[in-house]
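[1] Take a look and give me a structure for this.
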Amino acid sequence: MKKSISIFCFLIISIFNHFSFTQTYFNVVLPSDRNYVDGLYHPLVELSQDSLIFMTSRIYLRERHGTPNIEVMNRYGFVYTGVPFLDSISTITIFDSKLNDSAIYIAGTRFVYKDTVENFWYCKLSLQLDTLWTKELLTDYNRCYVQKILALRGQRIAFCGGKDQRRPNSTASLTSHGVVAIADSIGNLIHFVEFNDLDTTTLEGYYGLAVDKDENIYSCGIVKKSGFNHDAVIVKVSPNGKLIWRKQVPSLEFSEGLLYGQSMPNGSILFVGDSYKPNFFDDDFSFILLLSLLPDGNIDFTKRIMKGFENYIDNCVSDNAGNTVCAGYYKPNRETKADGWICKFTPTGDSLWSRVISKTERTEQFFNISKASDGGFYLTGLSKIDSINTSKSWIVKVDSFGCLVPGCQNVVNTNDISKRKVAAFKFFPNPAREVFYFLSRITESKNYQIKVIDLQGREVFKYSFQPDSGKQYVVEIPDQLSSEIYTLCVLNEKGKMVQVEKLELH
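    Alright, predicted model coming up:
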(Lines give C-alpha, C1' and ligand atoms only; values in the text may rest on other atoms or scores of the structure.)
Protein backbone atom coordinates (compact mmCIF):
# COMPACT_ATOMS: atom_id res chain seq x y z
CA MET A 1 0.00 0.00 0.00
CA LYS A 2 1.32 3.42 -0.88
CA LYS A 3 3.08 5.21 1.96
CA SER A 4 1.20 8.42 1.22
CA ILE A 5 -2.04 6.71 2.15
CA SER A 6 -0.49 5.34 5.33
CA ILE A 7 0.77 8.77 6.36
CA PHE A 8 -2.53 10.39 5.47
CA CYS A 9 -4.56 7.94 7.52
CA PHE A 10 -2.12 8.18 10.41
CA LEU A 11 -2.53 11.96 10.48
CA ILE A 12 -6.31 11.65 10.46
CA ILE A 13 -6.23 9.17 13.34
CA SER A 14 -3.71 11.17 15.35
CA ILE A 15 -5.50 14.50 14.98
CA PHE A 16 -9.13 13.53 15.40
CA ASN A 17 -8.72 11.08 18.27
CA HIS A 18 -8.07 14.13 20.49
CA PHE A 19 -11.61 15.40 20.03
CA SER A 20 -15.07 14.22 21.06
CA PHE A 21 -17.96 14.29 18.61
CA THR A 22 -21.71 14.50 18.70
CA GLN A 23 -24.05 12.15 16.87
CA THR A 24 -23.73 12.32 13.08
CA TYR A 25 -25.90 11.06 10.23
CA PHE A 26 -25.31 10.41 6.55
CA ASN A 27 -26.78 8.45 3.65
CA VAL A 28 -24.34 8.21 0.73
CA VAL A 29 -24.25 6.36 -2.58
CA LEU A 30 -20.67 6.53 -3.81
CA PRO A 31 -20.22 7.83 -7.36
CA SER A 32 -18.56 5.55 -9.91
CA ASP A 33 -18.34 4.92 -13.63
CA ARG A 34 -21.51 3.46 -15.19
CA ASN A 35 -19.45 0.49 -16.41
CA TYR A 36 -18.55 -0.55 -12.85
CA VAL A 37 -20.55 -2.95 -10.71
CA ASP A 38 -19.78 -1.76 -7.17
CA GLY A 39 -20.87 -2.99 -3.77
CA LEU A 40 -19.90 -3.02 -0.10
CA TYR A 41 -20.26 -6.41 1.57
CA HIS A 42 -18.10 -6.08 4.69
CA PRO A 43 -18.71 -4.04 7.87
CA LEU A 44 -17.20 -0.56 7.86
CA VAL A 45 -14.23 -0.16 10.23
CA GLU A 46 -14.14 2.92 12.45
CA LEU A 47 -10.61 3.92 13.49
CA SER A 48 -11.93 7.28 14.64
CA GLN A 49 -15.07 9.20 13.75
CA ASP A 50 -13.14 10.84 10.93
CA SER A 51 -11.28 7.73 9.78
CA LEU A 52 -13.91 5.31 8.50
CA ILE A 53 -12.30 2.55 6.46
CA PHE A 54 -13.98 0.46 3.79
CA MET A 55 -13.04 -1.54 0.71
CA THR A 56 -15.26 -1.20 -2.33
CA SER A 57 -15.70 -4.40 -4.32
CA ARG A 58 -15.64 -3.44 -7.98
CA ILE A 59 -15.88 -5.44 -11.19
CA TYR A 60 -16.26 -4.30 -14.75
CA LEU A 61 -19.63 -4.65 -16.42
CA ARG A 62 -19.76 -7.82 -18.56
CA GLU A 63 -16.38 -8.96 -17.21
CA ARG A 64 -15.34 -10.86 -14.10
CA HIS A 65 -12.32 -8.86 -13.03
CA GLY A 66 -12.06 -5.41 -11.51
CA THR A 67 -10.24 -3.02 -9.19
CA PRO A 68 -11.02 -3.23 -5.47
CA ASN A 69 -10.50 0.12 -3.73
CA ILE A 70 -9.55 0.95 -0.15
CA GLU A 71 -11.13 4.23 0.91
CA VAL A 72 -11.27 6.60 3.88
CA MET A 73 -14.42 8.53 4.80
CA ASN A 74 -15.07 11.20 7.43
CA ARG A 75 -18.01 11.47 9.83
CA TYR A 76 -20.05 13.47 7.32
CA GLY A 77 -19.87 10.79 4.62
CA PHE A 78 -17.18 12.53 2.56
CA VAL A 79 -14.55 10.22 1.00
CA TYR A 80 -11.06 11.63 1.50
CA THR A 81 -9.21 9.20 -0.71
CA GLY A 82 -9.55 5.94 -2.60
CA VAL A 83 -6.81 3.90 -4.23
CA PRO A 84 -6.64 0.41 -5.79
CA PHE A 85 -6.10 -2.24 -3.13
CA LEU A 86 -3.21 -4.66 -3.71
CA ASP A 87 -4.11 -6.33 -7.00
CA SER A 88 -6.15 -4.68 -9.73
CA ILE A 89 -6.21 -7.70 -12.05
CA SER A 90 -7.39 -10.51 -9.78
CA THR A 91 -10.52 -9.18 -8.10
CA ILE A 92 -10.69 -9.29 -4.31
CA THR A 93 -14.16 -9.25 -2.76
CA ILE A 94 -14.23 -8.49 0.97
CA PHE A 95 -16.98 -10.14 3.04
CA ASP A 96 -15.73 -9.38 6.56
CA SER A 97 -13.46 -7.00 8.45
CA LYS A 98 -12.56 -6.89 12.14
CA LEU A 99 -10.69 -4.25 14.12
CA ASN A 100 -8.61 -5.97 16.80
CA ASP A 101 -6.23 -4.01 19.02
CA SER A 102 -3.51 -2.76 16.66
CA ALA A 103 -4.62 -4.41 13.43
CA ILE A 104 -7.46 -4.89 10.98
CA TYR A 105 -8.30 -8.37 9.68
CA ILE A 106 -10.13 -8.59 6.38
CA ALA A 107 -11.34 -11.67 4.53
CA GLY A 108 -13.21 -12.77 1.45
CA THR A 109 -12.37 -14.30 -1.89
CA ARG A 110 -9.83 -13.64 -4.65
CA PHE A 111 -10.86 -14.26 -8.23
CA VAL A 112 -7.93 -15.36 -10.39
CA TYR A 113 -8.89 -14.10 -13.81
CA LYS A 114 -6.60 -16.31 -15.91
CA ASP A 115 -7.75 -19.49 -14.15
CA THR A 116 -11.38 -18.40 -13.57
CA VAL A 117 -11.30 -19.70 -9.99
CA GLU A 118 -12.02 -18.06 -6.64
CA ASN A 119 -9.72 -18.84 -3.71
CA PHE A 120 -9.94 -18.38 0.06
CA TRP A 121 -8.32 -15.05 0.90
CA TYR A 122 -7.56 -13.18 4.14
CA CYS A 123 -5.24 -10.38 5.16
CA LYS A 124 -3.89 -8.35 8.09
CA LEU A 125 -3.47 -4.55 7.89
CA SER A 126 -1.85 -2.13 10.30
CA LEU A 127 -3.88 0.81 11.57
CA GLN A 128 -1.96 2.92 9.05
CA LEU A 129 -3.39 0.59 6.36
CA ASP A 130 -0.05 -1.00 5.49
CA THR A 131 -0.41 -4.64 4.45
CA LEU A 132 1.29 -6.85 7.06
CA TRP A 133 0.52 -10.15 5.34
CA THR A 134 -1.95 -11.78 2.97
CA LYS A 135 -2.88 -15.42 2.58
CA GLU A 136 -4.53 -17.21 -0.31
CA LEU A 137 -5.60 -20.86 -0.06
CA LEU A 138 -5.94 -22.92 -3.21
CA THR A 139 -8.13 -26.01 -3.38
CA ASP A 140 -9.45 -28.35 -6.04
CA TYR A 141 -12.79 -26.47 -5.98
CA ASN A 142 -13.41 -23.48 -8.25
CA ARG A 143 -15.19 -21.13 -5.81
CA CYS A 144 -13.93 -20.79 -2.25
CA TYR A 145 -14.70 -17.93 0.11
CA VAL A 146 -14.11 -16.70 3.66
CA GLN A 147 -17.36 -15.30 5.05
CA LYS A 148 -16.39 -14.41 8.64
CA ILE A 149 -13.10 -13.90 10.47
CA LEU A 150 -12.35 -13.27 14.15
CA ALA A 151 -9.34 -13.03 16.45
CA LEU A 152 -8.62 -15.69 19.08
CA ARG A 153 -6.27 -15.64 22.05
CA GLY A 154 -2.57 -15.89 21.33
CA GLN A 155 -2.98 -13.86 18.13
CA ARG A 156 -4.54 -16.81 16.36
CA ILE A 157 -7.47 -16.26 14.03
CA ALA A 158 -10.49 -18.33 13.04
CA PHE A 159 -12.57 -18.10 9.90
CA CYS A 160 -15.50 -19.82 8.25
CA GLY A 161 -16.86 -20.04 4.74
CA GLY A 162 -17.33 -22.60 2.01
CA LYS A 163 -15.83 -24.34 -0.98
CA ASP A 164 -18.05 -24.82 -4.03
CA GLN A 165 -17.61 -26.78 -7.21
CA ARG A 166 -19.51 -24.86 -9.85
CA ARG A 167 -20.56 -25.98 -13.27
CA PRO A 168 -18.26 -24.70 -16.04
CA ASN A 169 -19.22 -21.16 -17.14
CA SER A 170 -22.08 -21.11 -14.63
CA THR A 171 -22.94 -19.85 -11.15
CA ALA A 172 -24.78 -23.10 -10.33
CA SER A 173 -22.98 -25.33 -7.81
CA LEU A 174 -22.61 -29.08 -8.22
CA THR A 175 -21.59 -29.58 -4.60
CA SER A 176 -20.16 -27.54 -1.74
CA HIS A 177 -18.70 -27.99 1.75
CA GLY A 178 -18.81 -25.77 4.82
CA VAL A 179 -15.40 -24.80 6.18
CA VAL A 180 -14.04 -23.78 9.59
CA ALA A 181 -10.31 -23.02 9.90
CA ILE A 182 -7.77 -21.78 12.45
CA ALA A 183 -4.55 -19.95 11.54
CA ASP A 184 -1.56 -18.66 13.50
CA SER A 185 -0.51 -15.05 14.11
CA ILE A 186 0.89 -14.62 10.60
CA GLY A 187 -1.97 -16.37 8.84
CA ASN A 188 -0.42 -19.80 8.38
CA LEU A 189 -3.06 -22.51 8.45
CA ILE A 190 -3.09 -24.72 11.57
CA HIS A 191 -6.43 -26.51 11.27
CA PHE A 192 -8.78 -26.82 8.31
CA VAL A 193 -12.00 -28.75 8.76
CA GLU A 194 -14.78 -29.11 6.21
CA PHE A 195 -18.25 -30.56 6.50
CA ASN A 196 -21.00 -31.98 4.34
CA ASP A 197 -23.86 -34.35 5.11
CA LEU A 198 -22.22 -36.95 2.81
CA ASP A 199 -24.74 -36.32 0.04
CA THR A 200 -22.52 -35.03 -2.76
CA THR A 201 -25.38 -33.09 -4.34
CA THR A 202 -26.11 -31.15 -1.14
CA LEU A 203 -24.77 -27.60 -0.86
CA GLU A 204 -23.40 -26.61 2.56
CA GLY A 205 -21.81 -23.28 3.50
CA TYR A 206 -21.09 -21.33 6.71
CA TYR A 207 -21.81 -17.64 7.23
CA GLY A 208 -21.69 -16.94 10.98
CA LEU A 209 -18.96 -17.37 13.59
CA ALA A 210 -18.94 -17.18 17.40
CA VAL A 211 -16.59 -18.31 20.15
CA ASP A 212 -17.27 -19.24 23.79
CA LYS A 213 -15.15 -18.56 26.89
CA ASP A 214 -13.15 -21.76 26.30
CA GLU A 215 -12.49 -20.72 22.68
CA ASN A 216 -14.66 -23.43 21.21
CA ILE A 217 -15.74 -22.18 17.80
CA TYR A 218 -19.35 -22.24 16.61
CA SER A 219 -20.19 -21.73 12.95
CA CYS A 220 -23.64 -21.58 11.41
CA GLY A 221 -24.96 -21.68 7.88
CA ILE A 222 -27.21 -23.35 5.36
CA VAL A 223 -27.68 -26.83 3.93
CA LYS A 224 -29.33 -26.52 0.53
CA LYS A 225 -31.09 -29.62 -0.68
CA SER A 226 -33.30 -29.99 -3.74
CA GLY A 227 -35.60 -27.13 -4.69
CA PHE A 228 -36.21 -24.63 -1.88
CA ASN A 229 -35.67 -27.22 0.85
CA HIS A 230 -33.02 -25.52 3.01
CA ASP A 231 -32.01 -26.42 6.57
CA ALA A 232 -30.13 -24.45 9.21
CA VAL A 233 -26.86 -26.06 10.29
CA ILE A 234 -24.44 -25.44 13.19
CA VAL A 235 -21.04 -26.98 13.96
CA LYS A 236 -18.92 -26.81 17.10
CA VAL A 237 -15.14 -27.07 16.70
CA SER A 238 -12.63 -27.34 19.55
CA PRO A 239 -9.70 -24.91 19.91
CA ASN A 240 -7.43 -27.59 18.42
CA GLY A 241 -9.56 -27.97 15.32
CA LYS A 242 -11.58 -31.09 16.15
CA LEU A 243 -15.26 -31.42 15.31
CA ILE A 244 -17.24 -31.76 18.56
CA TRP A 245 -20.66 -31.94 16.94
CA ARG A 246 -22.61 -30.97 13.85
CA LYS A 247 -26.32 -30.19 14.13
CA GLN A 248 -28.62 -29.91 11.14
CA VAL A 249 -32.00 -28.38 12.03
CA PRO A 250 -34.71 -29.43 9.55
CA SER A 251 -38.15 -27.84 9.43
CA LEU A 252 -41.18 -29.36 7.76
CA GLU A 253 -42.85 -25.97 7.32
CA PHE A 254 -39.99 -23.55 6.60
CA SER A 255 -36.88 -23.21 4.47
CA GLU A 256 -34.17 -21.75 6.72
CA GLY A 257 -30.56 -20.72 7.14
CA LEU A 258 -28.42 -19.09 9.84
CA LEU A 259 -26.13 -16.14 9.17
CA TYR A 260 -24.93 -14.77 12.51
CA GLY A 261 -23.95 -16.06 15.95
CA GLN A 262 -23.15 -14.41 19.27
CA SER A 263 -22.13 -15.78 22.67
CA MET A 264 -24.53 -14.97 25.50
CA PRO A 265 -23.68 -14.34 29.19
CA ASN A 266 -25.41 -17.58 30.27
CA GLY A 267 -23.12 -19.67 28.05
CA SER A 268 -25.63 -20.25 25.27
CA ILE A 269 -25.08 -19.16 21.68
CA LEU A 270 -27.75 -17.15 19.88
CA PHE A 271 -27.95 -17.72 16.12
CA VAL A 272 -29.89 -15.47 13.77
CA GLY A 273 -30.97 -16.08 10.20
CA ASP A 274 -33.82 -16.11 7.73
CA SER A 275 -36.92 -18.29 7.57
CA TYR A 276 -39.20 -18.62 4.54
CA LYS A 277 -42.34 -20.47 3.70
CA PRO A 278 -41.52 -22.38 0.50
CA ASN A 279 -44.80 -21.15 -0.99
CA PHE A 280 -43.66 -17.72 -2.18
CA PHE A 281 -47.18 -16.85 -3.31
CA ASP A 282 -48.36 -16.21 0.25
CA ASP A 283 -48.97 -12.60 1.21
CA ASP A 284 -46.43 -12.88 4.04
CA PHE A 285 -43.87 -15.66 3.83
CA SER A 286 -40.65 -14.50 5.51
CA PHE A 287 -39.43 -14.21 9.10
CA ILE A 288 -36.28 -13.60 11.09
CA LEU A 289 -35.18 -16.88 12.65
CA LEU A 290 -33.73 -17.00 16.18
CA LEU A 291 -32.23 -20.21 17.48
CA SER A 292 -30.66 -20.42 20.94
CA LEU A 293 -28.30 -23.35 21.41
CA LEU A 294 -26.81 -24.75 24.60
CA PRO A 295 -23.10 -25.73 24.62
CA ASP A 296 -24.00 -29.43 24.42
CA GLY A 297 -25.84 -28.87 21.14
CA ASN A 298 -29.37 -29.01 22.53
CA ILE A 299 -31.76 -26.32 21.35
CA ASP A 300 -32.86 -23.91 24.07
CA PHE A 301 -35.54 -22.21 21.94
CA THR A 302 -36.49 -21.39 18.36
CA LYS A 303 -38.49 -18.30 17.41
CA ARG A 304 -39.62 -16.70 14.16
CA ILE A 305 -40.26 -12.97 14.47
CA MET A 306 -40.96 -9.89 12.32
CA LYS A 307 -43.21 -11.61 9.82
CA GLY A 308 -43.44 -9.90 6.44
CA PHE A 309 -43.65 -10.37 2.71
CA GLU A 310 -39.88 -10.30 2.30
CA ASN A 311 -37.81 -9.34 5.35
CA TYR A 312 -34.24 -10.48 4.82
CA ILE A 313 -31.29 -9.98 7.17
CA ASP A 314 -27.69 -10.57 6.17
CA ASN A 315 -25.56 -9.57 9.18
CA CYS A 316 -25.98 -8.44 12.77
CA VAL A 317 -24.15 -6.94 15.74
CA SER A 318 -24.78 -7.00 19.47
CA ASP A 319 -25.37 -3.62 21.11
CA ASN A 320 -24.06 -2.60 24.53
CA ALA A 321 -27.18 -3.95 26.25
CA GLY A 322 -26.89 -7.39 24.62
CA ASN A 323 -29.69 -6.82 22.11
CA THR A 324 -29.21 -7.79 18.48
CA VAL A 325 -29.32 -5.28 15.63
CA CYS A 326 -29.47 -6.64 12.07
CA ALA A 327 -29.22 -5.20 8.57
CA GLY A 328 -30.69 -6.45 5.30
CA TYR A 329 -33.53 -5.47 3.02
CA TYR A 330 -37.29 -5.01 3.22
CA LYS A 331 -39.86 -5.53 0.48
CA PRO A 332 -43.50 -5.03 1.52
CA ASN A 333 -45.08 -6.67 -1.56
CA ARG A 334 -44.35 -8.00 -5.05
CA GLU A 335 -44.93 -4.69 -6.80
CA THR A 336 -42.43 -2.57 -4.88
CA LYS A 337 -38.66 -2.45 -4.95
CA ALA A 338 -36.50 -3.54 -2.03
CA ASP A 339 -35.18 -0.95 0.43
CA GLY A 340 -32.51 -1.11 3.09
CA TRP A 341 -33.69 -2.41 6.46
CA ILE A 342 -32.38 -2.33 10.03
CA CYS A 343 -34.12 -4.02 12.96
CA LYS A 344 -33.53 -4.69 16.64
CA PHE A 345 -34.72 -7.40 19.04
CA THR A 346 -33.89 -8.79 22.48
CA PRO A 347 -31.95 -12.04 23.08
CA THR A 348 -35.28 -13.72 23.90
CA GLY A 349 -36.83 -12.70 20.58
CA ASP A 350 -38.92 -9.69 21.54
CA SER A 351 -39.08 -7.24 18.63
CA LEU A 352 -37.99 -3.73 19.61
CA TRP A 353 -38.04 -1.75 16.34
CA SER A 354 -37.37 -1.85 12.62
CA ARG A 355 -36.61 0.93 10.13
CA VAL A 356 -36.81 1.14 6.35
CA ILE A 357 -34.12 3.31 4.75
CA SER A 358 -33.65 4.28 1.11
CA LYS A 359 -31.42 6.57 -0.90
CA THR A 360 -32.93 6.33 -4.38
CA GLU A 361 -36.00 4.91 -6.10
CA ARG A 362 -33.94 1.92 -7.17
CA THR A 363 -33.52 -1.51 -5.56
CA GLU A 364 -31.28 -1.22 -2.49
CA GLN A 365 -29.92 -3.59 0.12
CA PHE A 366 -27.69 -3.62 3.19
CA PHE A 367 -25.20 -6.47 3.48
CA ASN A 368 -23.44 -5.55 6.70
CA ILE A 369 -23.51 -3.51 9.88
CA SER A 370 -20.97 -2.29 12.43
CA LYS A 371 -21.13 -0.28 15.64
CA ALA A 372 -20.12 3.38 15.84
CA SER A 373 -18.34 4.82 18.87
CA ASP A 374 -21.21 7.30 19.45
CA GLY A 375 -23.71 4.45 19.91
CA GLY A 376 -25.04 4.47 16.35
CA PHE A 377 -24.49 2.06 13.48
CA TYR A 378 -22.83 2.02 10.07
CA LEU A 379 -24.70 0.16 7.32
CA THR A 380 -23.03 -0.95 4.09
CA GLY A 381 -24.55 -2.34 0.91
CA LEU A 382 -25.42 -1.38 -2.64
CA SER A 383 -27.87 0.60 -4.72
CA LYS A 384 -28.74 -1.06 -8.02
CA ILE A 385 -29.19 0.54 -11.43
CA ASP A 386 -31.52 -2.11 -12.80
CA SER A 387 -31.78 -0.66 -16.31
CA ILE A 388 -28.11 -1.36 -17.08
CA ASN A 389 -27.55 -4.14 -14.52
CA THR A 390 -24.95 -2.29 -12.46
CA SER A 391 -24.77 -1.03 -8.88
CA LYS A 392 -23.06 1.51 -6.65
CA SER A 393 -21.71 1.21 -3.11
CA TRP A 394 -24.01 2.53 -0.37
CA ILE A 395 -23.12 3.63 3.18
CA VAL A 396 -25.51 4.91 5.85
CA LYS A 397 -24.85 6.19 9.38
CA VAL A 398 -27.80 6.09 11.80
CA ASP A 399 -28.15 6.71 15.53
CA SER A 400 -28.74 4.09 18.23
CA PHE A 401 -32.45 3.93 17.34
CA GLY A 402 -31.76 3.31 13.65
CA CYS A 403 -32.82 6.86 12.83
CA LEU A 404 -31.63 9.18 10.08
CA VAL A 405 -34.22 11.63 11.38
CA PRO A 406 -33.66 12.10 15.14
CA GLY A 407 -36.70 11.04 17.13
CA CYS A 408 -37.98 8.59 14.52
CA GLN A 409 -38.46 6.08 17.34
CA ASN A 410 -41.21 8.16 18.97
CA VAL A 411 -44.68 6.67 18.53
CA VAL A 412 -47.26 9.10 17.13
CA ASN A 413 -51.04 8.67 17.40
CA THR A 414 -52.55 8.39 13.91
CA ASN A 415 -55.56 10.41 15.07
CA ASP A 416 -53.23 13.28 15.92
CA ILE A 417 -51.87 13.15 12.37
CA SER A 418 -55.33 13.16 10.79
CA LYS A 419 -56.32 16.11 13.02
CA ARG A 420 -53.02 17.81 12.11
CA LYS A 421 -51.91 17.98 15.72
CA VAL A 422 -48.77 16.18 14.59
CA ALA A 423 -47.11 16.62 11.19
CA ALA A 424 -47.27 13.70 8.76
CA PHE A 425 -43.63 14.26 7.81
CA LYS A 426 -40.64 15.18 9.95
CA PHE A 427 -37.64 16.90 8.33
CA PHE A 428 -34.00 17.01 9.46
CA PRO A 429 -31.64 18.86 9.62
CA ASN A 430 -32.78 22.45 9.43
CA PRO A 431 -30.70 24.43 8.51
CA ALA A 432 -29.49 21.98 5.85
CA ARG A 433 -26.42 22.04 3.65
CA GLU A 434 -26.14 19.33 0.98
CA VAL A 435 -28.98 16.96 1.90
CA PHE A 436 -31.98 16.74 4.17
CA TYR A 437 -33.82 13.69 5.46
CA PHE A 438 -37.47 13.18 6.20
CA LEU A 439 -39.54 10.60 8.03
CA SER A 440 -42.98 9.59 6.81
CA ARG A 441 -45.62 8.89 9.45
CA ILE A 442 -48.29 7.87 6.94
CA THR A 443 -48.67 5.25 4.21
CA GLU A 444 -50.25 6.05 0.85
CA SER A 445 -50.19 4.11 -2.42
CA LYS A 446 -50.25 7.38 -4.38
CA ASN A 447 -47.37 9.64 -5.39
CA TYR A 448 -46.63 12.68 -3.25
CA GLN A 449 -44.39 15.62 -4.10
CA ILE A 450 -42.14 17.94 -2.15
CA LYS A 451 -41.79 21.35 -3.79
CA VAL A 452 -39.15 23.88 -2.73
CA ILE A 453 -40.14 27.53 -3.32
CA ASP A 454 -37.71 30.48 -3.10
CA LEU A 455 -38.41 33.94 -1.65
CA GLN A 456 -39.64 35.17 -5.05
CA GLY A 457 -42.28 32.43 -5.16
CA ARG A 458 -40.50 30.39 -7.83
CA GLU A 459 -40.42 26.60 -7.71
CA VAL A 460 -36.71 25.72 -7.70
CA PHE A 461 -36.81 22.00 -6.95
CA LYS A 462 -39.23 19.11 -6.52
CA TYR A 463 -38.98 15.54 -5.25
CA SER A 464 -41.51 12.72 -5.80
CA PHE A 465 -42.08 9.80 -3.43
CA GLN A 466 -44.64 7.33 -2.12
CA PRO A 467 -45.24 7.73 1.63
CA ASP A 468 -44.52 4.60 3.66
CA SER A 469 -45.01 4.94 7.41
CA GLY A 470 -41.72 4.67 9.28
CA LYS A 471 -39.60 4.95 6.15
CA GLN A 472 -36.75 7.47 6.15
CA TYR A 473 -35.95 9.26 2.90
CA VAL A 474 -32.99 11.36 1.77
CA VAL A 475 -33.20 14.35 -0.59
CA GLU A 476 -30.08 15.76 -2.23
CA ILE A 477 -30.12 19.54 -2.53
CA PRO A 478 -29.15 20.82 -6.01
CA ASP A 479 -25.83 22.68 -6.11
CA GLN A 480 -27.38 25.70 -7.82
CA LEU A 481 -29.60 26.57 -4.84
CA SER A 482 -28.18 29.54 -2.96
CA SER A 483 -28.02 29.95 0.81
CA GLU A 484 -31.34 31.44 1.88
CA ILE A 485 -34.69 30.52 3.42
CA TYR A 486 -37.08 28.47 1.26
CA THR A 487 -40.64 27.26 1.65
CA LEU A 488 -40.99 23.49 1.55
CA CYS A 489 -44.44 22.27 0.48
CA VAL A 490 -45.71 18.68 0.61
CA LEU A 491 -48.52 17.91 -1.85
CA ASN A 492 -50.64 14.77 -2.12
CA GLU A 493 -51.61 12.96 -5.33
CA LYS A 494 -54.40 15.48 -5.98
CA GLY A 495 -52.05 18.43 -5.65
CA LYS A 496 -53.49 19.40 -2.27
CA MET A 497 -50.98 20.88 0.14
CA VAL A 498 -50.75 18.69 3.26
CA GLN A 499 -47.78 20.30 5.00
CA VAL A 500 -45.66 23.46 4.80
CA GLU A 501 -42.24 23.97 6.38
CA LYS A 502 -39.53 26.60 6.30
CA LEU A 503 -36.19 25.24 5.06
CA GLU A 504 -32.98 27.17 5.58
CA LEU A 505 -30.03 26.32 3.33
CA HIS A 506 -26.45 27.12 4.27
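[2] pLDDT weak spots in the stretch 151-300 of the chain?
    Where the stretch 151-300 of the chain drops to pLDDT under 70, the residues are 170, 197-201, 280-284.
[3] Which parts of it are strands?
    Using DSSP state E, counting those that start in this stretch, the strands of the stretch 151-300 of the chain run over 157-166, 173-183, 189-195, 203-211, 217-224, 230-237, 243-249, 255-263, 269-276, 286-293, 299-308.
[4] Just name the most buried of these.
    Of these, the one with the most neighbours on average (mean count of other CB atoms under 10 Å) is strand 217-224, at a mean of 26. In this view, the C-beta of every residue, glycine as well, is placed from N, C-alpha and C.
[5] pLDDT-wise, which helix or strand of the chain ranks last?
    Lowest mean confidence among the helices and strands of the chain (mean pLDDT, DSSP states H and E): helix 3-16, at a mean of 41.
[6] distance of the nearest residue to E194 once chain neighbours are set aside from D374?
    Nearest in space to E194, with sequence neighbours left out and distances taken as CB to CB, 6 or more residues apart in numbering, is H177 at 4.3 Å. Distance, H177 to D374, by CB to CB, to the nearest Å: 41 Å.
[7] Likewise for G154?
    G154 is 32 Å from D374, by CB to CB.
[8] For these two, indicate the residue with more neighbours.
    D374 (17 against 9; other CB atoms under 10 Å).
[9] which residues does that one contact?
    Contacts here follow CB atoms under 8 Å, 6 or more residues apart in numbering; on that basis D374 touches 21-24, 49, 399.
[10] Return the residues in contact with the residue nearest to E194.
    Contacts of H177 (CB under 8 Å, 6+ apart): 141, 162-163, 194-196, 204-205.
[11] Format the contacts of D374 as a markdown table; extra columns: neighbour count.
    Shown next, in a markdown table, are these (neighbours: other CB atoms under 10 Å):
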| residue | neighbour count |
| --- | --- |
| F21 | 13 |
| T22 | 7 |
| Q23 | 15 |
| T24 | 17 |
| Q49 | 20 |
| D399 | 20 |
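[12] Could you pull out the buried residues of stretch 395-412?
    Within stretch 395-412, the residues scored as buried using 16 or more other CB atoms under 10 Å are 395-406, 408-409, 412.
[13] what's the farthest-apart pair in these?
    Greatest spacing in those, by CB to CB: I395 and V412 (28.8 Å).
[14] For the most centrally placed residue in the chain, name its beta-bridge partners.
    The residue lying closest to the centre of the chain (CA atoms, centre = their mean) is N368, at 2.0 Å. Counting by DSSP bridges, N368 is bridged to T380.
[15] Against F425, how distant is it?
    30 Å.
[16] and the residue of the chain positioned farthest from its centre, which of the three is it?
    Distance from the C-alpha centroid of the chain peaks at Q456, with 43.8 Å (CA atoms, centre = their mean). Here Q456 takes the coil state, with states given by DSSP: H, G, I helix; E, B strand; the rest coil.
[17] where exactly do the strands run in the stretch 1-150 of the chain?
    Along the stretch 1-150 of the chain, the segments classed as strands by DSSP E, counting those that start in this stretch run 26-29, 36-39, 45-48, 51-60, 69-73, 79-84, 92-100, 103-112, 117-126, 131-137, 143-151.
[18] Include mean neighbour count and distance to A232 when you put those strands into CSV, please.
    Shown next, in CSV, are the strands of the stretch 1-150 of the chain (neighbours: other CB atoms under 10 Å; distance: least, CB to CB, whole Å):
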stretch, mean neighbour count, distance to A232
strand 26-29, 21, 33
strand 36-39, 21, 26
strand 45-48, 20, 29
strand 51-60, 23, 27
strand 69-73, 22, 34
strand 79-84, 16, 38
strand 92-100, 21, 20
strand 103-112, 22, 23
strand 117-126, 22, 23
strand 131-137, 16, 26
strand 143-151, 23, 15
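[19] residues contacting V79?
    V79 makes contacts with 30, 71-73, as judged by CB under 8 Å, 6+ apart.
[20] Can you give me the distance of it to A372?
    From V79 to A372 the distance is 17 Å (CB to CB).
[21] Wasn't D416 part of a helix?
    Yes - D416: assigned to a helix according to three-state DSSP.
[22] Now do the domain split for this structure, please.
    Listed by automatic domain parsing, the domain ranges of the chain are 3-12+24-398, 414-504.
[23] which helices and strands sit right next to the helix or strand I395 falls within?
    Per DSSP states H and E, I395 falls inside strand 390-398. Secondary-structure packing of strand 390-398 (3 or more CB pairs under 8 Å, 6 or more residues apart in numbering; DSSP states H and E): strand 26-29, strand 36-39, strand 51-60, strand 339-345, strand 351-357, strand 364-371, strand 377-385.
[24] any chance of those strands in a markdown table, with mean pLDDT too?
    Below are the helices and strands packed on strand 390-398 laid out as a markdown table (pLDDT from 0 to 100):
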| stretch | mean pLDDT |
| --- | --- |
| strand 26-29 | 95 |
| strand 36-39 | 90 |
| strand 51-60 | 90 |
| strand 339-345 | 96 |
| strand 351-357 | 94 |
| strand 364-371 | 97 |
| strand 377-385 | 95 |
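[25] For F85, find the nearest of those strands.
    F85 lies closest to strand 51-60 among these, at 5.9 Å (CB to CB).
[26] For stretch 31-44, which residues meet the burial criterion?
    Those would be 32, 36-44, for stretch 31-44 by 16+ other CB under 10 Å.
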